[in-house]
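**Q** Got a predicted structure here, sequence first:
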Amino acid sequence: MPIIQHHANLIQDCQELNQFLSACKQTLSEKRPSKIVSISWEAKSIDPLAVLDKICHPGEIHFYGEKAKQGEAIAAFGTAIKLKISGNNRFFQVQQFIESCLTNTTAIGALDLPFSGPHFFCNFTFFDEDNHRDSPFPSAMVFLPKWQISRQKNRCIIISNILVNRNLNIEKTCENTWQKYQEINLTKSFKISHLHDYKFALETQDVTDKRNFNLSVLSALELIQQEQISKIVLAHAIDVKAPRPFNLIGSLNNLRQKYPDCHVFSLSNGKGKNFIGASPERLIKIQNQELETDALAGSAPRGKTLIEDAYFAEKLLTSQKDRSEHEIVSNFIVQRLSNLGLNPQKLPIPSLLKLSNIQHLWTPIVGKIPISIHPLEILAELHPTPAVAGDPRDIALQQIRRYENFNRSVYAAPLGWIDHQGNSEFIVGIRSALIESDRARLWAGAGIVAGSDPEKELAEIQLKLQALLKALT
Ligand SMILES: C=C(O[C@H]1C=CC=C(C(=O)O)[C@@H]1O)C(=O)O
C-alpha cells in the first residue's frame, strides 16, 4: 500500500475547510494536476441506512453494506473519482487505480477509528467479460465516494472525499460540503427500525422453465459421471413485477432485520438500477494483515422445531454428498491461497452456519498476509470459487454459459471495499436481486455434485429465492 499523507488536525468549520483546500490547491503542479483530500469526522450515533434514505439522490452511485449482528454498517455515495473497466485483467487494473489514487491522497481528521480514512468501493461481474448490451454494471467498477458514513457498534464516522484540481471552485465546494456534512449529522434523529409490511401481490415468472432447469441438472450429472467435472453451480432466475415501484430502503431494512447474520448489501449504478441482497458468503476480510475467508457450500432447511432443526443439521453434517460438495470449495480456497505463497489454516471438519431460513456447511479459513500482497490479488485468485462456479473451474464456467439462458451480471460476484491501509472486505453477491422501479430479477443457485437430485436442488433454490422475495416491499 502506498503511504498517504496524514494530518491529525480536524476541520471544525467552513472557513477551516476553505483554508485547507486552498492550501492543497496551491500545491498542485503540472506534474501533479490534481489531489484527493479525505476528511474523517467522528459523529454521534447515525444509522447509515437513514443517511442513504435522506441524503443520497437516486441518481447517485451508491454502495451499502451492513452486518447487523456485528453492529456494522456503511453507506457510501456520490463519486469523487471512479473507474469502469472490462476484460480479464480487471482485478489488477482496479488495484493499480487504487494505488495511484492513494499516492495522491491527503487524509485528515479522525483517522484512528474503525472505517476512517479513504475507502474504495469495488464491484465486479461474475464473468470477466460481460458484454451484454443491457448490462447494468461494467465488468469492474471502483469508486471513491464523495461521502461515506459508517458505524461500528456505537462509533460513527463521516468521511468527505474531495478531488482538488485547478478548476475547483473552492468557495462553492466548501459551502456545499459543509452544508451536507451538517445534514448528515442531523440524520442522527432518524431511525428506521420497524419491519416494512409486505402488502401487495407480486407477479412472478421463471426466467428458465423449471423443466429446463431439471434437464440441465441431469445433463450436468452426466458430465460428473463422465468425470469431466466434479461440481457445477447452476442458478435459476425469476422476474418479478409489483403494482408500484419497490421501496429500496424498506427492503434493505427488512433484510437487515430478517437476516442479521448475513451481509445485507445494495449497489446502485446511478441510473435507476439497484443490486441488493442478503449474502451469507464472505469472500475475504483483511484486518491488520489477518485474512479470513469462508468456504460455504452444502445446505439444508431450518427445522420448525428444535428437534426437527437438529435432525436437519445432523443429516447435513453427515451427508456424503454435501460434505464432498463442501470439500471441493474448502480445498480450492486452500490451494489458491497457497499458490500465492500463503499458509492458510482450516479446521478438518466443517461446522454449521445457521441462518433464519437455511443452514450451511461452513469452514472458516484464516492466514497471515504479507504487506506485499494486495487484497485484489487474493480476490483475483479466489473468484469464482466452486461455491458459485464449479470444479474444474474453466470447464464449469463454459458449461454455466451453456446451461443458463440469462446473464449472471453481478450475481455471485464479489463486491466490497479496500481502505488506505490495505484492510478490506468483499462478499459474494448471492441471494440477490436487481431492482428497477416496479421490476426485479432474483437469482439463486445450488451446487450440483454426484448424488444431487434435481427436484431437491430446485427446492433449495426456491427456499433461497423466497427469503429475498418476502423481504421486498
Ligand atoms: C450459489 C448460491 O449458494 C452457494 C453458497 C452456499 C451454499 C450453496 C449450496 O449449498 O449449493 C451454494 O454453493 C446461491 O445461494 O445462489
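**A** It's in.
**Q** what about the host helix or strand of Q399 and the ligand, touching?
**A** Here Q399, judged by DSSP states H and E, is contained in helix 393-403. No - figure legend: helix 393-403 not in contact with the ligand (C-beta under 6 Å from any ligand atom); closest approach 11.0 Å. C-beta here means a position set from N, CA and C on the backbone, and glycine is covered the same way.
**Q** List the neighbouring strands of the very next helix or strand once past that helix plus their orientation.
**A** Proceeding N to C from helix 393-403, the next assigned helix or strand is strand 414-419, under DSSP H and E. Note on strand 414-419: by DSSP bridges, its sheet partners are strand 119-124 (antiparallel), strand 424-428 (antiparallel).
**Q** re earlier: tell me what the helix holding Q399 is packed against?
**A** helix 210-225, strand 231-241, strand 390-391 (3 or more C-beta pairs under 8 Å, 6 or more residues apart in numbering; DSSP states H and E).
**Q** out of those, deepest packed?
**A** Neighbour counts (mean count of other C-beta atoms under 10 Å) averaged over each of the helices and strands packed on helix 393-403 peak at strand 390-391, with a mean of 25.
**Q** buried sites along the helix or strand in which L434 is found?
**A** Here L434 sits within strand 432-436, counting by DSSP H and E. Buried residues in strand 432-436, counting neighbours by 16 or more other C-beta atoms under 10 Å, are found at 432-435.
**Q** ok, those vs the ligand, which is closest?
**A** The closest of these to the ligand turns out to be S432 (C-beta to the nearest ligand atom; 7.8 Å).
**Q** To what extent is the closest residue to that closest one other than its chain neighbours buried, counted in neighbours?
**A** Distances taken as C-beta to C-beta, 6 or more residues apart in numbering place G277 nearest to S432, at 3.1 Å, with adjacent residues excluded. Close neighbours of G277, defined as other C-beta atoms under 10 Å, add up to 31.
**Q** which outside residues touch the strand or helix carrying G277?
**A** Element membership for G277 (DSSP H and E) is strand 274-279. Contact with strand 274-279 is made by 123, 136-137, 248, 251-252, 255-256, 258-259, 262-269, 409-410, 415, 427-436, 467-468, 471, as judged by C-beta atoms under 8 Å, 6 or more residues apart in numbering.
**Q** Mind checking which of these are buried?
**A** Looks like the contacts of strand 274-279 have 123, 136-137, 248, 251-252, 255-256, 258-259, 262-269, 409-410, 415, 427-435, 467-468, 471 buried, using 16+ other C-beta under 10 Å.
**Q** Would you mind confirming that K146 is in contact with S160?
**A** Yes - counting by C-beta atoms under 8 Å, K146 touches S160, with 6.8 Å between them.
**Q** circling back to that earlier point, roughly how far out does the strand holding G277 sit from the chain middle?
**A** Relative to the centre of its chain, strand 274-279 is centred 8 Å away, using C-alpha atoms, centre = their mean, to the nearest Å.
**Q** do stretch 388-395 as well
**A** On C-alpha atoms, centre = their mean, the centre of stretch 388-395 falls 21 Å from that of its chain.
**Q** what's the span of that stretch, first residue to last?
**A** End-to-end distance of stretch 388-395 (C-alpha to C-alpha, to the nearest Å): 13 Å.
**Q** outside of the longest helix belonging to the chain, which residues touch it?
**A** Ordering each helix of the chain by length in residues (DSSP state H) puts helix 320-339 first. Contact with helix 320-339 is made by 230-231, 291, 293, 295-300, 316-317, 344, 346, 350, 361, 363, 365, 367, 378, 381-382, 385-387, 391, 393, 447, 449-452, as judged by C-beta under 8 Å, 6+ apart.
**Q** of these, buried ones?
**A** Judged by 16+ other C-beta under 10 Å, buried ones among these: 230-231, 291, 293, 295-300, 316-317, 344, 346, 350, 361, 363, 365, 367, 378, 381-382, 385-387, 391, 393, 447, 449, 452.
**Q** Please work out which residues outside stretch 366-373 touch it.
**A** 1, 286, 289-293, 337, 340-346, 378, 422.
**Q** Using the three-state scheme, assign the residue of the stretch 201-350 of the chain found nearest the ligand.
**A** Residue of the stretch 201-350 of the chain nearest the ligand, by C-beta to the nearest ligand atom: S299 (3.5 Å). Assigned by DSSP: H, G, I helix; E, B strand; the rest coil, the conformation of S299 is strand.
**Q** Contact partners for it?
**A** Applying C-beta under 8 Å, 6+ apart to S299 gives the contacts 316, 322, 358-361, 446, 460.
**Q** Kindly give a single PyMOL line that selects the buried subset of these.
**A** Entered in PyMOL, the line below selects the buried ones among those, by 16+ other C-beta under 10 Å:
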select buried, resi 316+322+358+359+360+361+446+460
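**Q** Tell me the one of the contacts of S299 nearest the ligand?
**A** A446 (4.1 Å).
**Q** on that earlier part again, now the strands paired with strand 414-419 in TSV, please, with extra columns for distance to A75 and mean pLDDT.
**A** Putting those into TSV (distance: least, C-beta to C-beta, whole Å; pLDDT from 0 to 100) gives the following:
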stretch	distance to A75	mean pLDDT
strand 119-124	10	98
strand 424-428	15	98
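**Q** Let's have the ones you listed in JSON lines, adding distance to E183.
**A** Below are these laid out as JSON lines (distance: least, C-beta to C-beta, whole Å):
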{"stretch": "strand 119-124", "distance to E183": "21"}
{"stretch": "strand 424-428", "distance to E183": "27"}
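**Q** out of these, nearest to the ligand?
**A** Among these, strand 424-428 comes nearest to the ligand, with 7.6 Å by C-beta to the nearest ligand atom.
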